[in-house]
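Student: The sequence and its predicted three-dimensional model are supplied below.
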Protein chains: 2
Amino acid sequence: MLSQDPTKAKLLEAAGEEFALNGFEGATIRAICVRAGVNQAAVNYHFRSKEQLYAQAVIAAHQCRTHISDELPLESLSPTEALRLYIYSFLKNVLEIQTDGATWRSELMMREILHPTEACDALVKESIGPQFERLREILGRTCPEADDTRIHVIGFSIVGQCLHYKMANAVCRRLMTTERYDQLNLDYLTDHITGFTLAALGLATPLDGAGSPGSLVQSASSEVLQ
Amino acid sequence: MLSQDPTKAKLLEAAGEEFALNGFEGATIRAICVRAGVNQAAVNYHFRSKEQLYAQAVIAAHQCRTHISDELPLESLSPTEALRLYIYSFLKNVLEIQTDGATWRSELMMREILHPTEACDALVKESIGPQFERLREILGRTCPEADDTRIHVIGFSIVGQCLHYKMANAVCRRLMTTERYDQLNLDYLTDHITGFTLAALGLATPLDGAGSPGSLVQSASSEVLQ
DNA sequence: GAGCGTTTCAAATGGTCGTTTGAATCAAGT
DNA sequence: ACTTGATTCAAACGACCATTTGAAACGCTC
């Protein structure tokens, strides 16, 4: 946590968890302060209101997130390898298979995405935007002639596929038997979404009759395929 | 609205709008009753509590929705044409380009998907499930050898791409310039997602260097491409 | 250790929430 | 016209909410 003041830091952490769990309206200052172990009046002293606390909590939450954009050596990989690694990392965050127990951060982010408040601008500018920019760099290499709009919608197709397992998780569970749902681990989904996307871009053979991800296409493949 | 009682019907309608707009915690019984033009005590008389009203409102809301599964002649079309029509109809619902002003119904549905309550089971069973079943029928024709899990994840890839423009709408806007965002109308997105998906399945040529959706592949195309 | 600005605290404030109440009103059978 | 059961109504209930208050506790300089 960036804040030097331990009370503010504890409040931001506790507020993030409570807001993620119960939403803005559902979370109470009382519960936040109990969780933080501070007096109830501290919220209105350090922040001016519940709204301000929420905004600060959202910003603070994603400042602690490990950013894909910061750690992955995407430039040193081929476009297809970079894309696979990006999807893998994205899914890993989405599926909350994280070593630390900070599963509430992405939950808070989903709430802000679906029902944006004033904190959304900061969230996009500092976290989502740079992360998406890395994806656009990869796609710029796979589709050198594509215009900016096209790059964006291809990016949205990739991100949309990944986020669906977070956003509509409850529905996905109910649409499948439990045993089939349990097959959808990180590796399976990475293979599927990567294969699906690479085939769409002509960088791998299409999903076969059984729907399995195809193999990589050799260089200069796009001419061959057309 | 199915309910014969006009008071219950007005309450369910008003509750749906308020819950969609403000969420369960944010919506108030007072505001719902004002919107419905009924007395405040009517909620606890006709429904037992706010929770029950919410559950009934969610179920009532999607019972009025026009179901893709009911009206489209998917079986009479080729798989590729059926898929395009399905994606078009799905996007049309998602983007809320609907003649009636019932934009709040899909909003209520999104809330229930992201934060499911007891109403989620009914929602999946009666609305989402049958709709997804139609998609699975189409995909069963395009990927005859695929197992059930594979059909599901391919379906999720399609639905995920479409829903992203609803779920993450605010983020999509902020990631693009306004003029570029305005390009993303129903036709553009239908072309893109259909082309992306058909290419991934080997039913169309991959997106070209400019990222534009490719043309349809002739029959027995999968052997040619491999 | 006196003075002073900052931070914490228990308690209270006013407001709004979901729910309840009991009387008023309505509809229909006799 | 009277009875009876169902529905509506204005008003009030207790609970909980975010926020405020003023005193107490703290950290620091002189």
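Tutor: Arrived safely, thanks for sending. Note that this is a predicted model, so its numbers are computed, not measured.
Student: ok, which stretches of chain A are strands?
Tutor: Using DSSP state E, no strands are found in chain A.
Student: The most centrally placed residue in it: what's it in contact with?
Tutor: Nearest residue to the geometric centre of chain A (Cα atoms, centre = their mean): A:Val94, 5.1 Å. Contact partners of A:Val94, counting by Cβ atoms under 8 Å, 6 or more residues apart in numbering or on different chains, are A:Ser106, A:Cys162, A:Leu163, A:Tyr165, A:Lys166. Placement of C-beta: from N, CA and C, glycine included.
Student: Tell me how chain A divides into domains.
Tutor: A:6-63, A:68-221 (automatic domain parsing).
Student: now the last one, how far from the centre of its chain.
Tutor: Okay, so that is domain A:68-221. Computed by Cα atoms, centre = their mean, to the nearest Å, the chain-centroid distance of domain A:68-221 equals 8 Å.
Student: can you tell if it touches DNA strand D?
Tutor: No. Applying Cβ under 7 Å from any atom of the strand, one finds domain A:68-221 separated from DNA strand D by no less than 14.1 Å.
Student: which residues sit against stretch A:178-193?
Tutor: Counting by Cβ under 8 Å, 6+ apart, residues outside stretch A:178-193 touching it are A:84, A:87-88, A:91-92, A:95, A:97, A:158, A:161-162, A:165, A:172-173, A:213, B:148-150, B:152-154, B:157.
Student: Drop anything exposed from the residues you listed.
Tutor: For those, a burial check counting by 16 or more other Cβ atoms under 10 Å in any protein chain shown picks out A:84, A:87-88, A:91-92, A:95, A:158, A:161-162, A:165, A:172-173, A:213, B:149-150, B:152-154, B:157.
Student: So which of the contacts of A:Val94 is the closest to DNA strand D?
Tutor: A:Ser106 (22.9 Å; Cβ to the nearest atom of the strand).
Student: so what's the closest one up against?
Tutor: Per Cβ under 8 Å, 6+ apart, neighbours of A:Ser106: A:Asn93, A:Val94, A:Glu96, A:Lys166.
Student: Of these, which belong to helices?
Tutor: Judged by DSSP state H, the contacts of A:Ser106 include A:Asn93, A:Val94, A:Lys166 as members of helices.
Student: Dump these to CSV, plus pLDDT.
Tutor: What follows is the ones in helices among the contacts of A:Ser106, written out as CSV (pLDDT from 0 to 100):
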residue, pLDDT
A:Asn93, 85
A:Val94, 84
A:Lys166, 95
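Student: So which of the residues you listed is the closest to chain B?
Tutor: A:Lys166 (9.0 Å; Cβ to the nearest Cβ).
Student: For A:Leu135, list the residues it contacts.
Tutor: Taking Cβ under 8 Å, 6+ apart, one finds A:Tyr86, A:Gly155, A:Ile158, A:Val159 in contact with A:Leu135.
Student: What about those, which one has the most neighbours?
Tutor: A:Ile158 (28 neighbours; other Cβ atoms under 10 Å in any protein chain shown).
Student: ok, A:Leu53 to B:Val159 distance?
Tutor: Relative to B:Val159, A:Leu53 is positioned 35 Å away (criterion: Cβ to Cβ, to the nearest Å).
Student: Apologies, that question was intended for A:Gln56.
Tutor: Counting by Cβ to Cβ - A:Gln56 and B:Val159 are separated by 35 Å.
Student: What of A:Leu123?
Tutor: 25 Å.
Student: Would you map the helices across chain A?
Tutor: Under DSSP H, chain A gives helices at A:6-26, A:29-36, A:42-46, A:50-63, A:68-71, A:79-94, A:104-114, A:119-123, A:129-142, A:148-167, A:169-175, A:178-181, A:186-200, A:221-225.
Student: The ones you listed: which one's closest to B:Ser49?
Tutor: Nearest to B:Ser49 among the helices of chain A is helix A:6-26 (16.1 Å), distances taken as Cβ to Cβ.
Student: one step back: going by mean pLDDT, which of the domains of chain A comes out lowest?
Tutor: Ranked by mean pLDDT, those end with domain A:68-221 at the bottom, a mean of 88.
Student: Next, count neighbours for A:Glu133.
Tutor: 12.
Student: Distance-wise, check it relative to A:Asp148.
Tutor: 12 Å.
Student: how about the residue lying closest to A:Asp5 once chain neighbours are set aside, what does it touch?
Tutor: With Cβ to Cβ, 6 or more residues apart in numbering or on different chains as the criterion, A:Asp5 has its nearest non-adjacent residue at 7.2 Å, and that residue is A:His46. Taking Cβ under 8 Å, 6+ apart, we find A:His46 in contact with A:Asp5, A:Thr7, A:Lys8, A:Leu11.
Student: do the same with A:Arg136
Tutor: A:Ile151, A:His152, A:Gly155.
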